[in-house]
Each structure stands twice: as structure tokens, then as C-alpha cells.
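>>> Kindly generate the corresponding structure for this input.
(2 chains)
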Amino acid sequence: MLTSDPTGEMLRSDAFPKKADGRIALLQGTLDLLILKTLLLGPCHGQGVARSIQRQSEETFFVDHGSLYLALQRLEDKKWISANWGVSENNRKARFYSLTPKGRAHLVEKASEWQRLTRAMELILGGSAEPGSEKA
Amino acid sequence: MFKRTRSADDFAEEIKSHLELEADDLKREGLREDEARRRARVEFGNVRAAQERFYLRNRVVWFDNLVRDLKFASRQLVRNPIFAVTAVLVLALGMGVSVAIFGFVNAALLKPLPYANSSRLMDVNENAVLWPRSPLSAQDYLDWKRLNHSFSSLDVYHQTGYLLRTSSGAEPVPVGRVSDGFFSTLGVRPMLGGNFLPGEDRPRGSRIAILSYAAWLKRFAARRDIVDQSMDLSGDAYTIIGVLPREFAFAPQGNTEFWVPLGKLTYCDQHRFCHDLWGIGRLRDGVTDEIARAEMKGIAKQLERQYPVSNRDQGASVTPFSEIVLGDVRPVLLTLSPEQVCCCSSRASMWPACCSYAPRAGGMRLRCGVPWEQRRHG
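Numbering: from 1, shown residues only, chains lettered A, B, ... in the order given. This is a model prediction of the structure:
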């Protein structure tokens, strides 16, 4: 069935702009994982999730907020997280997200996948083999 | 897919809450109130784009667009009553014509003829230099029937007119004279009474008649006790032995009201040179029309040698009966079918003429920043 923007993310050229201050945009598919990881610490609202990702990545990642909220919605639709309107510590109305058991299982699976991937990338990029050495 | 668990308003509310929370944090980090609000907004990026993407998520876009198209169309029609009336009239006309044409196409191209196994029915007639298909003479028919092995039955029909005596006087009626096996060959049984029996078409046979359904309705008020009643045709008393079913039709003699056996030979029937009977035969199992045609041509040759004067240059024509009934109309109907397409395209071509301001309105929508999906005619 034809729906627009099936992943809700990354399909727009402006979704991950490279910021002038050196922060880099998120890679496709990583945002979901970061959100789930952030919610592992406890329920949080969208703005808190965005700040937390930025802070934990030592301000390296810049989170496009439009994509963040669509990703939250998508995760909610998949029942990996659940949402409720509540009140923040500074007395503002906010929508709080929390991890479901299903979401936790998914996080475990994807995190180990990601670790294998980064290890493999590190092996290749950080390896001592010189480019073109296989010709010798 | 049509489950909308969350409204776009709720989503907008969440973004608003985000901006407030962010501004609070920025204030805490030492920014002035208005600067904090501005920064929060800038950091967020395009709020409207996010809302639009939320709105379009999971939506079946073509369905949304269809609904919008329909709304737009109805608004335009209300705005242009003359155009609306014209469009409705043209479409109504087109539909009427289409339905009528479908009636013909259905009968002629899709439905088989209303006879048992109608593809095995052949038109079996003579063939002369000037007439590729000419009627049989009664004498030739009898020889053809006797000599051929291709047809399980071979019968003839011929239309004539008798005078029917009614309470208000005599009235000319179309009558079909047929050989006794005519209805059996077609595979048609009377719905009331019985069929002609073998031998009933002999010259001294009894005077009997089968009614068409229409004649039964019109002249005998659909009385079920009509069988075995008598009627007067051209001064002779005929006994009604049956009534044909309502769906029976025989195109070569469409208006025939009464069917009678050949009976007494007419002047023409008695002479081999006089041709007035049309032949129809049912192919024997396993016989193709080519085989039948070859055999009938052979028989015609043989009769030509036997009767060199009356049968000079008399050949045989064997054609599927459906070709005789439908052959002429098929190509016409095939050319008529694209008519509906023409009707719709002519309607569509009226559109730019009626709504020439539409491009301007479209441009206006574009400039006003209406989201692309709504820009077409939101």
C-alpha cells in the first residue's frame, strides 16, 4: 500500500543537515536505537530525549527534532514505547515516553548488532593494512 | 491502516510543549526570555514540515488526494452551473448510448445463439455464380438430405404469409413453413404442447401449427388450454399443437407468428429450378465444416451431372449459422465500442475552457506555502 514516507525519517534531504558548528547528523536507523537506549534510564519527554542524546554523545550528534518526534511516534506505533501526557519537573505539560518489554527486547537485539557492526568497521578503518597492499 | 490513534492536534501540542521545555532549559543556562524562545524555535527547525510529515504518516496518499479531488470537483461544478449541466448531459447521453451498445454487443458478440450447441449449426444452401448463398429448391433439398453423411439432421425453412381469421375479420400473418425436424435441429422444444413429428411435413400431412410466444400472448391471451384448439389460416383449419418458449428467436424470420410443416407442395416446391427453401443442418459429431462443405459440393456436382439444365453451375455453400445471423453486424459493433472513451475525453476537453482561472489559483496556493499535497487544489 502506498503510504508517504514509510520510514518517517531520512527521506528528506534536509533531515540531517551538517551543522556549521561541527556536529554531525545521525545515520539512518540509529535514531531509533538511541531513543530506546535513552528511555532505558526511565520515562522521558521528547525534549529530554533530544537533550540527552546530544549530551551523551558529547554534543557530537545533532538531533533533527522533526525526525525525533516522528521516530517517537513510529516506535509508539510499533508498541516498543508507550506514551502518556504528564507534568514535567518544572511544571510544564509534556508527553512522557517509557520503554515497553517488547521495546527492551528489541533494544538488546539491535545493540548487539550495532556493536558487531562498529567492531567490524573499526577493524577495517583502524587496521594497519595499506590500501592496495593485496596486489603485492 | 485507517486507525488514527493520535490526532494532529495532539502532535502539535507536543511540539509546543517541547519548545516551552527547551526555552526553560535555555533560560536556566542564562539566556534572556525572548532569546531563549527564539533559540528553541531555531533549534527545532521547521515545525510545519514536522507536522505535515506527521499528518501524512500512514496515510493512504492517493485516497486522501481522491477525496480532495472530489471536493474540488464539486466546488467547481457548483461555481459553474452551466458547465455542470452540460457535463451531466454529455455523460448521461454517453451512458445511455453505452448501455444500448452493450445490449447489442452482449447479444451479438458475447452470448451464443439461443440454441443447443449452436456452434454445430450450419447454414447449408446452394451457391450460384451471382448468389454466393442462394436458397435450395425443394427437390434438391430432398436429394441433399438423402445423400449426405455430414449432418445428423438437415432441415429447411421458408417464410410466407397466410390470412388468419379472427373475430374482427381476416388478418395477414407471417408464417414459417418448415420441415418436420426444424425445431429438433435447433435443439428447441415447445414450452407448451409438442413438437412436429417425423413425417408430419409430407404433402398430405395433417394441418398443424406451433405458435410463437408473442402470438400466444397477443392472439390467444396466453391461454394454457390453447393446445389442440383449432384456428383458421387462409381458409384451412389448423390444430395448434404447441407454443414456443419465450426466449426462442430465429433471426432470419424474426417476426414469424405461426410455424407450420411444409405440407402441400407449392408450385415452386414441385420444380427443381425454383429455389425458395433455406437450409440449416447440424454437423454430425467429429465432422468439421470443411468436410461438410466438400461433401455438399460433391453432391451438388453429382446433381448437376444428373440435371444439367436446372442445376447448371449450382454449387453448395456451408457456413456456420452464427455467421449468417451476426456476420454483418460484428465489425460495426467493434468500431462502436470505443465510443465511451470518446464521450469521456470530450467531457475532459471541456475542462480547461470552463476553469481557465485554475492555474492562477494554483499559483496563488504555491506562493502561500500550502504543503505540496494540498497545493493541487486544497
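>>> gap between residue B:163 and residue A:32?
95 Å (Cβ to Cβ, to the nearest Å). For glycine as for every other residue, the C-beta is placed from the backbone atoms N, C-alpha and C.
>>> Tell me which of the two has more neighbours.
When residue B:163 and residue A:32 are compared for neighbours, residue A:32 comes out ahead with 23 against 15, by other Cβ atoms under 10 Å in any protein chain shown.
>>> Spell out the secondary structure type for that one.
On the three-state scheme (DSSP: H, G, I helix; E, B strand; the rest coil), residue A:32 is labelled helix.
>>> That one against residue A:71, yeah?
Yes - assessed by Cβ atoms under 8 Å, residue A:32 is found in contact with residue A:71 at 5.9 Å.
>>> where exactly do the helices run in the chain?
With no chain named, the answer covers chain A. Using DSSP state H, the helices of chain A run over residues A:30-39, A:46-56, A:65-77, A:101-126.
>>> Can you look at chain B instead?
Along chain B, counting by DSSP H, helices occupy B:8-28, B:33-44, B:47-56, B:61-79, B:81-105, B:138-147, B:182-186, B:213-220, B:289-306, B:321-326, B:330-336, B:339-354, B:358-367, B:372-375.
>>> What residues does residue B:324 make contact with?
Taking Cβ atoms under 8 Å, 6 or more residues apart in numbering or on different chains, we find residue B:324 in contact with B:123, B:133, B:252.
>>> And the pLDDT for the last one?
What that stands for is residue B:252. pLDDT recorded at residue B:252 is 88.
>>> Settle this for me: it is touching residue B:157, isn't it.
Yes - judged on Cβ under 8 Å, residue B:252 makes contact with residue B:157 at a distance of 7.2 Å.
>>> So which of those two has more stuff around it?
A count of neighbours by other Cβ under 10 Å puts residue B:157 above the other of residue B:252 and residue B:157, at 22 against 14.
>>> Now the helices of chain B in a markdown table, please, with extra columns for distance to residue A:104 and mean pLDDT.
As requested, the helices of chain B are arranged in a markdown table below (distance: least, Cβ to Cβ, whole Å; pLDDT from 0 to 100):
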| stretch | distance to residue A:104 | mean pLDDT |
| --- | --- | --- |
| helix B:8-28 | 23 | 90 |
| helix B:33-44 | 29 | 90 |
| helix B:47-56 | 26 | 83 |
| helix B:61-79 | 34 | 84 |
| helix B:81-105 | 59 | 85 |
| helix B:138-147 | 92 | 94 |
| helix B:182-186 | 79 | 95 |
| helix B:213-220 | 79 | 93 |
| helix B:289-306 | 78 | 94 |
| helix B:321-326 | 73 | 86 |
| helix B:330-336 | 67 | 70 |
| helix B:339-354 | 57 | 60 |
| helix B:358-367 | 46 | 47 |
| helix B:372-375 | 37 | 48 |
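>>> How about stretch B:76-92, which residues are buried there?
Applying a neighbour-count criterion of 16 or more other Cβ atoms under 10 Å in any protein chain shown, the buried positions in stretch B:76-92 are B:76, B:83-84, B:87.
>>> Closest to the centroid, which residue in the chain?
Just going to use chain A. Centre of chain A computed as the mean C-alpha position; nearest residue by Cα atoms, centre = their mean is residue A:31, 1.7 Å away.
>>> meant chain B actually
residue B:106 (1.6 Å).
>>> where's residue A:119 relative to residue A:126, distance?
Distance from residue A:119 to residue A:126, by Cβ to Cβ: 10 Å.
>>> again with residue B:147
102 Å.
>>> pLDDT (mean, whole number) over the longest strand that chain B contains?
If you go by DSSP state E, chain B has its longest strand at strand B:151-166. Here strand B:151-166 scores 94 as its mean pLDDT.
>>> Would you check how far apart residue B:118 and residue B:136 are?
21 Å.
>>> my bad, should have said residue B:207
Between residue B:207 and residue B:136 the distance is 24 Å, computed by Cβ to Cβ.
>>> Who has more neighbours out of the two?
Per other Cβ under 10 Å, whichever of residue B:207 and residue B:136 has more neighbours is residue B:136, with 24 against 16.
>>> ok so, going back, residue A:119 and residue A:126 - which one has more neighbours?
Neighbour count, other Cβ under 10 Å: between residue A:119 and residue A:126, residue A:119 has more, with 10 against 7.
>>> so how far is residue A:34 from that one?
The gap separating residue A:119 from residue A:34 is 19 Å, by Cβ to Cβ.
>>> Repeat that for residue A:121.
With Cβ to Cβ as the criterion, residue A:121 and residue A:34 are 17 Å apart.
>>> do the same with residue B:84
Distance, residue B:84 to residue A:34, by Cβ to Cβ: 56 Å.
>>> same deal with residue A:97?
Here the distance between residue A:97 and residue A:34 works out to 13 Å (Cβ to Cβ).
>>> ok so, going back, so what's the residue nearest to the centre of chain A up against?
Each residue near residue A:31 by Cβ under 8 Å, 6+ apart is listed here: A:9, A:63, A:67-68, A:71.
>>> hmm, which two among the residues you listed are most spread apart?
The two members of the contacts of residue A:31 with the most space between them (Cβ to Cβ) are A:9 and A:63, at 11.5 Å.
>>> Can you report how many residues neighbour the residue in chain B that chain A sits nearest to?
Closest to chain A within chain B is residue B:50: 3.2 Å, counting by Cβ to the nearest Cβ. For residue B:50, the count of nearby residues is 22 (other Cβ under 10 Å).
>>> Then residue B:123?
Neighbours around residue B:123, by other Cβ under 10 Å: 20.
>>> Which residues are in contact with residue B:196?
Residue B:196 neighbours (Cβ under 8 Å, 6+ apart): B:178, B:180-183, B:208, B:210, B:241, B:261.
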